[in-house]
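Novice: sequence and predicted structure, then a few things I'm wondering about:
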Amino acid sequence: MMKSSAGRRVLALVAAFGIAAGVGGVRPATATADDITPGTTAQSLFDTAGPHGVTTSTVTNPCQESVFGMIAHIVVHLSGNVDDLRCTQAFPYGLQSPIGVNTYFPADIADLDSAPLILFEGGITSNPGQYDALVRQWTGHGFVVVVSYDFFNSLAYVPAIGLATAVAQQRDPSSPLFGKIDLSRTVLAGHSGGGQATLQAAALFPPIAGAIDPALRIIGALAIEPGPLALGSSITVPTLFLTGYNDVVVPDFAWVRWWEYNLVSAAPAWIANARGVSHFSPVDGPGNYRSSGAAVAWLRYIALGDDTAARFFTGPDWRLRDDPTYYSVERNPRANALP
């Protein structure tokens with residue numbers, strides 16, 4: 001993460017010619033670190049599908065096909081979402097098991113040296129299909145995304161289930177992911193209750209990573225409007241908190257600051273409060289979640305070493321601070337110290 005100015009220029013040239021950084025694929029044609037103009041937003045640069053196709057066995061259908069899904073459909077539209085929700089058949093949205101794991105990976109994974117891993121959990125009572133658009137976007141940028149769920153989606157055992165599945169696929173010669181998941185670049189991510197589980201895992205997993213798999217390393221966490229049952233003082237990996245100005249379920253001014261972001265002292269941390277974003281915006285369709293670009297930028301910065309993305313988070317003129325998408329953006333002293 002800490003690159004010299006010469007290194008930054010080299011990586012900028014690499015980005016300009018579309019050469020992959022870290023995953024052996026092709027990078028999207030984003031601006032280079034030296035030509036991000038004033039007023040350019042993370043959304044305008046990184047809210048893209050990415051250069052990779054997506055492979056998954058996950059099947060979704062309109063949520064309105066079940067009673068529980070219809071209720072969720074009405075709630076998100078009353079909160080301002082534009083697109084209709086998609087759901088899998090996981091109970092109570094269908095008749096399949098309420099506990100499971102869905103895996104997404106780049107369609108050209110066979111041509112890649114490896115891909116970083118994202119362990120993702122949705123919100124409490126959510127359905128994994130509701131995050132299909134979001135995780136497809138991340139996969140398109142060159143990530144393997146494992147979505148674990150158990151309907152409550154609020155405690156660290158949920159990402160542990162996802163991690164166990166990823167490690168098994170990495171070791172299974174019959175899996176298309178055999179030898180293709182870079183466990184040394186594992187990122188934890190979650191929304192709402194899943195964001196709470198993400199923060200719990202960010203405290204629990206790093207000290208025992210080597211015992212789970214010698215290659216495993218947790219390199220960061222992305223907490224999207226997280227629940228209250230987590231303490232920032234226990235987090236030791238770089239963490240981005242994304243909140244919403246219109247979120248009345250997880251208000252930006254409440255616990256997400258009081259005892260989560262504000263207490264992170266052992267690792268770099270950022271918090272960004274997006275204008276017009278409600279608690280249910282992350283399950284809206286492509287282009288409708290106004291922090292999706294910042295999420296992609298964060299993932300590319302932390303896992304792919306993308307120098308353009310890094311400019312939004314590091315250095316004295318970090319760009320997210322002045323991004324008009326956000327009502328407020330802060331970073332802690334450890335993040336301030338990053339070059």
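Specialist: Thanks, I have it. Residues are numbered from 1 along each chain as shown.

Novice: switch to C-alpha atoms for all contacts and neighbour counts from now on
Specialist: Fine.

Novice: and the pLDDT at Arg136?
Specialist: Arg136 is assigned a pLDDT of 98 by the prediction.

Novice: isn't there a helix covering it?
Specialist: Yes: counting by DSSP: H, G, I helix; E, B strand; the rest coil, Arg136 is part of a helix.

Novice: can you pull the contacts of it?
Specialist: If you count contacts by C-alpha atoms under 8 Å, 6 or more residues apart in numbering, Arg136 has them with 49, 54, 104.

Novice: hmm, try it at 10 Å
Specialist: 49-50, 52-56, 104-106, 143-145, 286 (C-alpha atoms under 10 Å, 6 or more residues apart in numbering).

Novice: dump the residue contacts of the closest residue to Asp150 other than its chain neighbours.
Specialist: Excluding the flanking residues, the one nearest Asp150 by C-alpha to C-alpha, 6 or more residues apart in numbering is Ile99, at 4.2 Å. Ile99 makes contact with 90-91, 148-153, 158, 161, according to C-alpha under 10 Å, 6+ apart.

Novice: buried among the contacts of Arg136? Make that a PyMOL selection.
Specialist: To isolate the buried ones among the contacts of Arg136 in PyMOL, judged by 16 or more other C-alpha atoms under 10 Å, type:
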select buried, resi 49+50+52+53+54+55+104+105+106+143+144+145+286
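
Novice: where does the residue nearest to Asp150 land on pLDDT?
Specialist: Per-residue confidence at Ile99 stands at 98 (pLDDT).

Novice: picking up where we left off before, now, among the contacts of Arg136, which is nearest to Leu222?
Specialist: Using C-alpha to C-alpha, Val145 is the member of these that lies nearest Leu222, at 13.2 Å.

Novice: and that closest one, that's in a strand?
Specialist: Yes: the secondary structure assignment for Val145 places it in a strand, going by three-state DSSP.

Novice: distance check, it against Leu240.
Specialist: According to C-alpha to C-alpha, to the nearest Å, Val145 and Leu240 sit 18 Å apart.

Novice: grab the nearest non-local neighbour of Ala202.
Specialist: The shortest distance from Ala202 to any residue that is not its chain neighbour, by C-alpha to C-alpha, 6+ apart, is 5.7 Å, and that residue is Ile235.

Novice: count of neighbours near Ala294?
Specialist: By other C-alpha atoms under 10 Å, the residues close to Ala294 number 26.

Novice: using CSV, lay out the contacts of Ile99 together with pLDDT, secondary structure and neighbour count.
Specialist: Shown next, in CSV, are the contacts of Ile99 (pLDDT from 0 to 100; DSSP: H, G, I helix; E, B strand; the rest coil; neighbours: other C-alpha atoms under 10 Å):
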residue, pLDDT, secondary structure, neighbour count
Ala90, 98, strand, 20
Phe91, 97, coil, 16
Ser148, 98, strand, 26
Tyr149, 98, strand, 29
Asp150, 97, coil, 24
Phe151, 97, coil, 22
Phe152, 96, coil, 18
Asn153, 97, coil, 28
Val158, 98, helix, 26
Ile161, 98, helix, 19
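
Novice: wait, Leu199 touches Gly232, no?
Specialist: Yes: with contact defined as C-alpha atoms under 10 Å, Leu199 counts as touching Gly232 (7.7 Å).

Novice: between those two, which one's more packed in?
Specialist: When neighbours are counted by other C-alpha under 10 Å, Leu199 and Gly232 differ, and Leu199 comes out ahead with 32 against 24.

Novice: picking up where we left off before, just put the contacts of Arg136 in CSV and tack on pLDDT.
Specialist: As requested, the contacts of Arg136 are exported to CSV (pLDDT from 0 to 100):
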residue, pLDDT
Ala49, 96
Gly50, 96
His52, 98
Gly53, 98
Val54, 98
Thr55, 98
Thr56, 98
Tyr104, 98
Phe105, 98
Pro106, 98
Phe143, 98
Val144, 98
Val145, 98
Pro286, 86
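
Novice: sort out for me which of the contacts of Arg136 are in strands.
Specialist: Members of these lying in strands (criterion: DSSP state E): 54-56, 104-106, 144-145.

Novice: re earlier: shared neighbours of Leu199 and Gly232, which are they?
Specialist: Counting by C-alpha under 10 Å, 6+ apart, the common neighbours of Leu199 and Gly232 are 239, 260.

Novice: still on that earlier bit, from the contacts of Arg136, which single one is nearest Asp83?
Specialist: Each of the contacts of Arg136 was scored against Asp83 by C-alpha to C-alpha, and Pro286 proved nearest at 8.6 Å.

Novice: name the element Ile271 belongs to?
Specialist: Here Ile271 is covered by strand 269-274, with elements defined by DSSP states H and E.

Novice: for the helix or strand just after that strand, name the packing helices and strands.
Specialist: For strand 269-274, the succeeding helix or strand toward the C-terminus, using DSSP H and E, is helix 292-304. Under the contact criterion of 3 or more C-alpha pairs under 10 Å, 6 or more residues apart in numbering; DSSP states H and E, the helices and strands touching helix 292-304 comprise helix 42-46, strand 115-121, helix 132-140, strand 181-191, strand 218-224, strand 239-244, helix 307-310.
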